[in-house]
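# Sequence and computational prediction follow.
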Amino acid sequence: MKNRLKVLRAERGWTQEDLSKQLGVSRQAVNALETEKHSPSLDLAYRISALFGLGTEEIFENPYEVSAPKNVIGPPSNAPAG
Amino acid sequence: MTATHPSPELVQRQYIIRTLLFMGGYVAVNLAAIFGAFDDVRGSGAAGLALTVTAPLIGHTWATLAYWRDSDEFVRGLMAKRFILAAGIAFCFASAWGFMETYAGAWHAPGFLIFPLFWFTYGVISPFVRTSH
């Protein structure tokens, strides 16, 4: 999953080791997140967002985001008008 | 939702110590057997000896599960992936060898070799399995 973790970490002047200690995960896990070899669980994503004080959507890119909402609830196309 | 794990260094150290203890016992009993310490054991004593040699493997399985439990989610994912791959390869190799023995007259390989074979395979594949997905 694409994310801004590396940039955000660098902005704060933290090493991967610093970040791993604050999150309670291994440095290997931080590296895997930054290089997108690991997609975080919801729990870890929330912990990361709480640590940086940002919303999860500001850190992680939602791969399932749609550009325009679809109107899935509505009258069937063959419904009689009026 | 704020579950944290013990420090990765501590978890790794615990696993290494436990593995050394259990595998030390395994190697010690096997070395003693190789050098004839149990040559006179017969009957139920021999069965007991066979189970005693196997006991450290139960301990090591527990040590591995404890390592998995205390690791972070990325390490867990890696371990699970490596285990499945290593088990699959070891099963295939052991099965193929068994059929070679049955059909092609290959020399007999003792069943206890599956344990070192599995961990050897795990070690060989580990450097190549570096993503959790």
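Thanks, I have it.

# show me what contacts the residue positioned nearest the centre of chain A?
Geometric centre of chain A, nearest residue: A:Phe60, 2.4 Å, by C-alpha atoms, centre = their mean. A:Phe60 makes contact with A:Met1, A:Lys2, A:Asn3, A:Pro40, A:Ala45 under the criterion C-beta atoms under 8 Å, 6 or more residues apart in numbering or on different chains. Placement of C-beta: from N, CA and C, glycine included.

# Helices of chain A, start to end?
With helices called from DSSP state H, chain A shows them at A:5-11, A:16-23, A:27-34, A:42-52, A:56-59.

# got it, and chain B?
B:8-34, B:43-70, B:73-104, B:114-125.

# Let me have the ones you listed in TSV, extended by mean pLDDT, distance to A:Glu65 and mean neighbour count.
Below are those laid out as TSV (pLDDT from 0 to 100; distance: least, C-beta to C-beta, whole Å; neighbours: other C-beta atoms under 10 Å in any protein chain shown):
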stretch	mean pLDDT	distance to A:Glu65	mean neighbour count
helix B:8-34	93	33	14
helix B:43-70	93	33	14
helix B:73-104	97	24	15
helix B:114-125	97	35	15
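
# need those helices in TSV with distance to chain A, can you?
Output for the helices of chain B, formatted as TSV (distance: least, C-beta to the nearest C-beta, whole Å):
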stretch	distance to chain A
helix B:8-34	4
helix B:43-70	11
helix B:73-104	4
helix B:114-125	16
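
# Of the ones you listed, give the one that comes closest to A:Gly13.
Nearest to A:Gly13, of all the helices of chain B, is helix B:8-34, at 22.2 Å by C-beta to C-beta.
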